[in-house]
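# Just to be clear, the model below is a prediction. Sequence and coordinates:
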Amino acid sequence: MSKPENTINVLYFAAASTAVGKTFESFPIPQDGLKLSELGELLISRHANTDLRKVLSTSQWSVDLEMIDNPELVLLKGGEEIAVICPVSGG
């Protein structure tokens, strides 16, 4: 019998939202967790044939409203809200 999975919530802003065609999605992750550094590839696979890879290459992550400097050190366990924060410009 497989272990139950936990769910994360991903928020897409600006170019990320445009690339995937939505502002929010929830999906399960493995019971033993998922490194934040692995989330980008998972999202790219979920949204094939989009510009998401390009968008993520210049974006940052936020987990539960906290900006993340090193995604390799963050283990998602389920229940988190992850935001894709795209660069902004002003003038």
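Cool, got the structure.

# pLDDT score assigned to the closest residue to residue 13 other than its chain neighbours?
In this structure, residue 13 finds its nearest non-sequential neighbour in residue 86, 6.0 Å apart by CB to CB, 6 or more residues apart in numbering. (C-beta placed from N, C-alpha, C; glycine too.) With respect to pLDDT, residue 86 scores 94.

# Verify the stated contact: residue 86 with residue 61.
No: Residue 86 is beyond contact range of residue 61, at 11.1 Å (criterion: CB atoms under 8 Å).

# Between these two, which is the more surrounded one?
Counted by other CB atoms under 10 Å, residue 86 and residue 61 do not tie: residue 61 has more neighbours, with 21 against 18.

# Quick check: which element contains the more buried one?
strand 60-63 (DSSP states H and E).

# pLDDT averaged over stretch 13-21 - what is it?
pLDDT averaged over stretch 13-21 gives 96.

# chain center to it: distance?
12 Å (CA atoms, centre = their mean, to the nearest Å).

# measure residue 74 to residue 66 for me?
From residue 74 across to residue 66, the span is 9 Å (CB to CB, to the nearest Å).

# Neighbour count: those two, which is higher?
residue 74 (20 against 10).

# Read off the pLDDT value for the more buried one.
For residue 74, pLDDT reads 98.

# wait, it sits on residue 39?
No: applying CB under 8 Å, one finds residue 74 not in contact with residue 39, separated by 9.2 Å.

# ok, back up a step: who touches the residue nearest to residue 13 in this structure?
Residues near residue 86 by CB atoms under 8 Å, 6 or more residues apart in numbering: 13-16, 55, 58-59.

# Among those residues, which lie within helices?
14-16, 55 (DSSP state H).

# most residues in a single helix of this structure, which one?
Longest helix in the chain, counting by DSSP H: helix 36-46.

# For that one, which helices and strands make contact with it?
helix 52-57, strand 60-63, strand 75-76, strand 81-85 (3 or more CB pairs under 8 Å, 6 or more residues apart in numbering; DSSP states H and E).
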